[in-house]
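> Predicted structure and sequence below. I'll ask about it afterward.
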Amino acid sequence: MARHYPTLTRNGFLLPSNIKASYEGAGEGRRSASWEATDDGINSINTPALRNLRARSRAAVRNDPYAFNVIDKRVSNLIGTGITPRPTTDDAELRKLKQQLWDDWVDEADADELTDFYGMQALVARTVETAGECFVRLRPRSPSEGLAVPLQLQALAPEFVPHDKFEMAKNGNVIRAGIEFNPAGKRVAYYMYLSHPRDSSSLNAGYNQVVRVPATQVLHIFEPMEPGQLRGVPRLAPVLKRLRSLDNYDDAVLFRQEVANLFAGFIKRPAPEATQQPRDPVTGMPLNVDRDGFTPMVALEPGTMQELAPGEEVEFSKPPDAGNNYPDFMRQQLMAAAAGSGTPYEILTGDMREVNDRALRVVLNEFRRRLEQLQFGVYVHQLCRPVRAAWMDMAVLSGALVLPDYAQRRREYLRTRWVPQGWAYIQPVQDVQARQMEVRAGFASRSEMVLRTGYDAETVDAENAADLARAAGLGLNYSTLEAIETNDDKEQP
């Protein structure tokens, strides 16, 4: 059916009737009759689906081993042992003081006292990957509580902020998806439940108030996929239906094999006369049959020798296999699930049968590049930097850090480089040699190479110096000490 554009036609535009057919994907023929594709805004699409997507994503992670492995492997590679800060100030003493104070506070960061700050990073990442987003509430504490810095963090599930709350606030601001925006479009507050609205163990007696929390006290962590997106979508959203169908198929094959293999064999005998009562061929007593009245009760044990009556014979069961196309079908479907979840097939399944080291390097490099994008674009920007800023403010206000000019030089004091845990070597000897060549050729600094492993160059240098001094004092001879002595000899005139 041709579509008309009266406004354009009145203004003198000549539009061909097959304007949309220029792109096959825009065709409206019979093949596209059932193609549902809406052009609504991202929030109009996401908001009605969020509750089901979260619930089904969590159910898949709980029950589907492949869904669990997607989330688990992504979190372990995104966060690992933690994304750690390295102050970039030129004052060495101040760098050391800030790092020591940070290390003391890391163990006290969790308001629930279940893990440290780096464990909270993993918890936040797991929530974002599973449910699409996570909220973190900044909780200032009293100095009397004895914390290194009077600040703690509370991780909250996305249900704490109602995604279906759309209204005008009394102050003239607009509330969209539980988030309050001022006329300039800036987030100024979040509307949050006092307890989880779907948790019956909260014991709120059916009264769960929604309170307004200033945006300066809340961090909203999610990966925006389109401009203007307000709430996050679970990582498994594109593959939830496929994973469920695949799990049902795999379970049906497994159940068929289980039932088929319950029958070890069958005893065939001639049809008895109508008046003859079946008897046990061993004892001669009347045959003990099952409750159905005709199936003999035959117990099978290792080494059993079963006597048979004249004319009887044993026919062993021949259960069907899973099918010749079962492995190929499962592999193809799991490859699609891996692609849709942003996880390499080899990592999702652990199947390395047809992968050589070069292909594995290509796969891992692509996977790591994507994760680095998330590390710095999402977790460093939305979680680590705001936490560091709040930590620094509270440290100065509480007197844990004495910086008289902090108000004037706050931006300078906040400058920090965040370093994720380093990637493991794929080929250790080749990788180390390649890094040595990069440093010697001047393509990278030794400090940069150390940071790529997740460590601090100054800390490594201090540890090396201490090790060398201790080895020399004890009369030990290591290769590192020989290298130092060789360099000293070369420098002598």
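Ah, there it is. Residues are numbered from 1 along each chain as shown.
> Could you list the low-pLDDT ranges of this structure?
Scanning the chain for pLDDT under 70 picks out 1-5, 8-9, 11-21, 204-206, 263-267, 269, 271-309, 316-323, 480-493.
> Okay, domains of it per the record?
For the chain, the structural domains run 39-168+217-263+322-423, 264-316, going by automatic domain parsing.
> Out of these, flag the one nearest Tyr207.
domain 39-168+217-263+322-423 (15.5 Å; C-beta to C-beta). C-beta coordinates here come from the backbone N, C-alpha and C atoms, glycine included.
> what about the closest one, distance to the chain center?
The chain centre lies 5 Å from the centre of domain 39-168+217-263+322-423; the measure is C-alpha atoms, centre = their mean, to the nearest Å.
> Gln436: which of the domains of the chain is closest?
Among the domains of the chain, domain 39-168+217-263+322-423 comes nearest to Gln436, with 16.0 Å by C-beta to C-beta.
> how about the helices of the stretch 301-450 of the chain, start to end?
Assigned helices in the stretch 301-450 of the chain, in chain order: 326-341, 345-349, 357-374, 385-398, 410-414, 428-441, 446-452 (criterion: DSSP state H, counting those that start in this stretch).
> Redo the ones you listed as CSV? Include distance to Ser44.
Listed next are these as CSV, based on distance: least, C-beta to C-beta, whole Å:
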stretch, distance to Ser44
helix 326-341, 23
helix 345-349, 32
helix 357-374, 26
helix 385-398, 29
helix 410-414, 38
helix 428-441, 48
helix 446-452, 43
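> partners of the helix or strand containing Arg137 in the sheet?
If you go by DSSP states H and E, Arg137 is part of strand 134-140. Strand 134-140 pairs in its sheet with strand 151-156 (antiparallel), strand 218-221 (antiparallel), by DSSP bridges.
> Now do the buried residues in it.
By 16 or more other C-beta atoms under 10 Å, the buried positions in strand 134-140 come out as Cys134, Phe135, Val136, Arg137, Leu138.
> Relative to Asp104, which of these is nearest.
Leu138 (18.3 Å).
> For Phe160, see how far away Pro327 is.
44 Å (C-beta to C-beta, to the nearest Å).
> So between those two, which is more surrounded?
For Pro327 versus Phe160, the count of surrounding residues by other C-beta atoms under 10 Å is larger for Phe160: 22 against 10.
> Quick check: that one vs Gly399, distance?
33 Å.
> I figured Met168 was touching Ile175, is that so?
Yes. Using C-beta atoms under 8 Å, Met168 is in contact with Ile175, at 7.1 Å.
> who has more neighbours, these two?
Comparing Met168 with Ile175 by other C-beta under 10 Å, the one with more neighbours is Ile175, at 18 against 9.
> Give me the nearest residue to that one, chain neighbours excluded.
Closest residue in space to Ile175, ignoring its immediate chain neighbours: Glu167 at 5.1 Å, by C-beta to C-beta, 6 or more residues apart in numbering.
> phi, psi of that neighbour?
Glu167 adopts backbone torsions of phi -170, psi 170, taken as degrees, to the nearest 10.
> I'd assumed Tyr193 was in contact with Val213.
No. Using C-beta under 8 Å, Val213 is not in contact with Tyr193, being 10.5 Å away.
> and Arg198, which of the domains of the chain is closest to it?
Arg198 lies closest to domain 39-168+217-263+322-423 among the domains of the chain, at 5.8 Å (C-beta to C-beta).
> Can you get me a residue count around the closest residue to Arg435 other than its chain neighbours?
Nearest non-adjacent residue to Arg435, counting by C-beta to C-beta, 6+ apart: Met449, 5.1 Å away. Neighbour count for Met449, taken as other C-beta under 10 Å: 16.
> Wait, Met449 touches Val439, no?
Yes. Shown here, Met449 and Val439 form a contact pair, counting by C-beta under 8 Å, at 6.1 Å.
> just the strands in this structure please.
84-87, 134-140, 151-156, 167-168, 174-176, 179-181, 187-193, 210-214, 218-221, 265-268, 313-316, 416-419 (DSSP state E).
> now for the shortest one, which elements pack on it?
Strand 167-168 sits against strand 174-176, with contacts defined as 3 or more C-beta pairs under 8 Å, 6 or more residues apart in numbering; DSSP states H and E.
> Name every strand pairing with the strand it packs on and say which way it goes.
For strand 174-176, pairing defined by DSSP bridges yields strand 167-168 (antiparallel), strand 179-181 (antiparallel).
> mind giving me JSON lines with these and columns for distance to Leu53?
Compiled in JSON lines, the strands paired with strand 174-176 are given as follows (distance: least, C-beta to C-beta, whole Å):
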{"stretch": "strand 167-168", "distance to Leu53": "23"}
{"stretch": "strand 179-181", "distance to Leu53": "19"}
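> out of the ones you listed, deepest packed?
strand 179-181 (a mean of 20; mean count of other C-beta atoms under 10 Å).
> which other residues reach it?
161, 169, 173-175, 187-191, 212, 215, 220, 230 (C-beta atoms under 8 Å, 6 or more residues apart in numbering).
> coming back round to it: so for Val213 and Tyr193, which residue has more residues nearby?
Legend: neighbour count by other C-beta under 10 Å for Val213 and Tyr193, higher for Tyr193 (21 against 18).
> That one contacts Arg212, correct?
No. Contact criterion C-beta under 8 Å: Tyr193 and Arg212 do not qualify, at 11.8 Å.
> circling back: how about the strands paired with strand 134-140, which one is nearest Thr47?
Between Thr47 and the strands paired with strand 134-140, the shortest gap by C-beta to C-beta is with strand 218-221, which sits at 15.3 Å.
> How about residues contacting that closest one?
Here strand 218-221 has contacts from 124, 128, 133-138, 179, 187, 190, 192, 232, 378-379, 382-383, 386-387, using C-beta under 8 Å, 6+ apart.
> Check which residues of it are buried.
Neighbour counts over strand 218-221 (16+ other C-beta under 10 Å) mark Val218, Leu219, His220, Ile221 as buried.
> how about it as CSV, C-alpha atoms only?
C-alpha atoms of strand 218-221 as CSV (Å, rounded to 0.1, in the frame of the first residue of the first chain):
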residue,chain,number,x,y,z
VAL,A,218,23.7,9.1,44.5
LEU,A,219,25.7,7.5,41.7
HIS,A,220,23.8,5.9,38.8
ILE,A,221,26.0,3.4,37.0
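> Next, work out how far apart Asp250 and Glu354 are.
Using C-beta to C-beta, Asp250 is found at 21 Å from Glu354.
> One more: Pro183?
58 Å.
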